[in-house]
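Participant: Give me the fold of what follows.
(one chain, ligands or ions: 1)
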Amino acid sequence: MKKIAVFPGSFDPVTIGHIDIINRGLPLFDKMIIGIGVNSQKKYLFPLEKRISWLQKIFEFEPKIEVQSYTGLTVNFCETHLARYILRGIRSSGDFEFERAVSQTNRVLSRNIETIFILANPSLASVSSSIVRDVIMNGGDPSPFIPEEIENLVQRK
Ligand code: ADP
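Facilitator: A predicted model of the protein is given here:
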């Protein structure tokens, strides 16, 4: 049976922290779906189409990766795509507490899905989409925090 993982997130915008977790998680699975969760209550800085196309560009030469958006529960998205694993990154004890609750809830909702955690690279543990958004909105240069492939695209927003 193929090992399929979903790496869910908002990726608003994708950062070098996300890329590190994806690259480190990839050898564990046969296929990884980067799932961009769409929550109608949430306001995003970047439109969904841009977030999808940036991730597709970054991983255009990685056949194991697919980029898709979804609404609703992550476990339902996983089941639709026969993914038995959810990949998440942990930067801090705050992340851990939050992720523990989400993962344990997901286990109740779907006994077949296991969440796999990868600890952030210490040099990237302070990188977050929300701080990058703040930098962008205040006219700063986000390029140290985002993948090279999309630097120009994000700055041109
Ligand atoms: P969400 O809105 O679900 O938190 P994000 O796009 O912010 O989505 O993050 C998706 C995943 O990437 C989460 O598991 C998050 O903890 C992880 N992540 C984000 N930034 C980093 C980082 N710098 N290092 C490691 N993991 C990270």
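Participant: what's the offset of stretch 33-44 from the middle of its chain?
Facilitator: 10 Å (CA atoms, centre = their mean, to the nearest Å).
Participant: could we number from 32 for the rest of this?
Facilitator: That works, and once the first residue is 32, the last one we named lands at stretch 64-75.
Participant: got a list of contacts for that stretch?
Facilitator: Residues outside stretch 64-75 that contact it (CB atoms under 8 Å, 6 or more residues apart in numbering) are 35-43, 53, 79, 82-83, 86, 90, 96-102, 105, 108, 112, 114. Any C-beta I mention is one placed from the backbone N, CA and C, and that applies to glycine too.
Participant: make it 6 Å
Facilitator: 37-39, 42-43, 82, 86, 97-102, 108, 112 (CB atoms under 6 Å, 6 or more residues apart in numbering).
Participant: ok, and for the helix or strand bottoming out on mean pLDDT in the chain, which residues are buried?
Facilitator: Within the chain, no helix or strand scores below helix 182-186, which has a mean of 82 by mean pLDDT, DSSP states H and E. Using 16 or more other CB atoms under 10 Å as the test for burial, helix 182-186 gives Val185.
Participant: Would you pull up how far that helix lies from the middle of the chain?
Facilitator: For helix 182-186, the distance to the chain centre is 19 Å (CA atoms, centre = their mean).
Participant: The longest helix anywhere in the chain: how far from the chain's middle?
Facilitator: If you go by DSSP state H, the chain has its longest helix at helix 124-140. Offset of helix 124-140 from its chain centre (CA atoms, centre = their mean): 16 Å.
Participant: can you tell if that helix touches the ligand?
Facilitator: Yes: using CB under 6 Å from any ligand atom, helix 124-140 reaches the ligand at Asp126.
Participant: now stretch 167-185
Facilitator: No: Stretch 167-185 stays clear of the ligand (CB under 6 Å from any ligand atom), getting no nearer than 8.6 Å.
Participant: Between the two ends of that stretch, how far is it?
Facilitator: 9 Å (CA to CA, to the nearest Å).
Participant: Just the buried positions in it, please.
Facilitator: Neighbour-count burial for stretch 167-185 [16+ other CB under 10 Å]: Ile167, Pro173, Phe176, Ile177, Pro178, Ile181, Val185.
Participant: So what touches it?
Facilitator: Against stretch 167-185 from outside (CB under 6 Å, 6+ apart): Pro44, Thr46, Ile50, Trp85, Lys88, Ile89, Val158, Val163, Val166.
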